[in-house]
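In: please find the sequence and the predicted model below.
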Amino acid sequence: MHTILTGATGMVGSAALATMLANPAITRITILSRRAVPQAIAAADPRVSVILHDNFASYDADLRNRVKDAHGCVWAMGVSTTQVSDPVEYERITKTFPLAAAKTFGEMALEQGRPFNFVYVSASGVDAEEPAKSPRMWARVKGETERGLAILADENPLMHTRSFRTAFVDPAEHEQIKPYLPQRQPIMRVAEKVLIPALRVFWKSGWGPSEPLGNFLTNLAVDKYSQEELVAAGAKKIGDGDFIAIENPTFQKLAGVKP
């Protein structure tokens, strides 16, 4: 089984990569990245291939050929509005890139004649049905991305698109990925020491420990959960195709996470 991963140097992507590396059923892992991935280098796993890719809005014939047999993708690439203040650049990273990739993978699915699972890491508070109503720029853009993924699923019966709306991702007990997490500013580290314990207590429905979360996202990419299972656990089907929006409580239920 062949999986694709983006955002492998971030927290969620690192968690997904750790799961993929630990899963013997996954025979190939292709990481699309703008830079080297220390976690992949340290793993020295022959199943892993890192493709340095600058323009995530475009996929040439060579790249398509290298991932043509992939079963699914975890799209964990993202950026915070605190990192990118320009709304045009934020939209390019958050919306243009994943929709271009999903469209490409959907075309490949039709060529290969088999389904493809595209898993988009979104955020709590997003509305895919009426994104324009959101007063927050980031939520509107992510909602438009989800809406675009729903349309792709409507148009392509082989595209299974999933959006997982992350809330509070907690890596505190995930020792395996800690050496590879982005360094925080000292003031942020101090704030996290105060806030994280409080969030675990007062926002239980939003708690997402990174290890089971990485496993859950990988399972979505390899189609472990049927549409019916996801909806029965509280996820929402949007549109006529196979697009499912998943909130954190659904992840907790299916992954056996007890807040």
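Out: Yes, it's here. Numbering: from 1, shown residues only.
In: first-to-last residue distance for stretch 43-56?
Out: 25 Å (CA to CA, to the nearest Å).
In: ugh, wrong one, I meant stretch 251-259
Out: End-to-end distance of stretch 251-259 (CA to CA): 11 Å.
In: contacting residues around that stretch?
Out: 164, 200, 204-205, 207-209, 212-213, 215-216, 225, 229-230, 233-234 (CB atoms under 8 Å, 6 or more residues apart in numbering). Backbone N, C-alpha and C define where each C-beta goes, glycine included.
In: buried ones only from the residues you listed, please, as a PyMOL command.
Out: Command for PyMOL that selects the buried part of these, burial taken from 16 or more other CB atoms under 10 Å:
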select buried, resi 164+200+207+208+209+212+213+215+216+225+230
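In: which of the contacts of stretch 251-259 sits closest to Ala57?
Out: Checking the contacts of stretch 251-259 against Ala57 by CB to CB gives Phe164 as the nearest, at 22.5 Å.
In: what helix or strand does that closest one sit in?
Out: Phe164 belongs to strand 159-166 when assigned by DSSP states H and E.
In: what pairs with the helix or strand following that strand, and is each one parallel or antiparallel?
Out: Note on strand 159-166: by DSSP H and E, the next helix or strand toward the C-terminus is strand 168-170. Using DSSP bridges, the strands paired with strand 168-170 are strand 207-209 (parallel).
In: next structured bit after the partner strand?
Out: Heading C-terminal from strand 207-209 (DSSP H and E), you reach helix 210-221.
In: so that following helix versus strand 159-166, what angle?
Out: 160 degrees (axes from the mean of the first three to the mean of the last three CA atoms, to 10 degrees).
In: which residues does helix 210-221 contact?
Out: 3, 11-12, 14-20, 23, 26, 71-74, 76, 117, 119, 121, 162, 164, 166, 169-171, 173-174, 176-177, 225, 246, 251, 254-257.
In: give me the ChimeraX select line for those, limited to the buried ones.
Out: A single ChimeraX command selects the buried members of the contacts of helix 210-221 (16+ other CB under 10 Å):
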select :3,11,12,14,15,16,17,18,19,20,23,26,71,72,73,74,76,117,119,121,162,164,166,169,170,171,174,176,177,225,246,251,254,255,257
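In: so of the contacts of helix 210-221, which ones are in strands?
Out: Mapping these onto strands (DSSP state E) picks out 3, 72-74, 117, 119, 121, 162, 164, 166, 169-170, 246.
In: mind checking pLDDT for Ser85?
Out: We have a pLDDT of 78 for Ser85.
In: and the longest helix for the chain?
Out: Secondary structure of the chain read by DSSP state H shows that its longest helix is helix 137-155.
In: for the stretch 151-259 of the chain, give me the ranges with low pLDDT.
Out: Along the stretch 151-259 of the chain, segments meeting pLDDT under 70 span 184-194.
In: same thing but 80
Out: 182-202, 259 (pLDDT under 80).
In: residue contacts, Ala42?
Out: Applying CB under 8 Å, 6+ apart, one finds that Ala42 lies in contact with 179-180.
In: buried sites along the helix or strand where it lies?
Out: Under the criterion DSSP H and E, the helix or strand holding Ala42 is helix 38-43. Residues 39-40, 43 are the ones in helix 38-43 that count as buried (16+ other CB under 10 Å).
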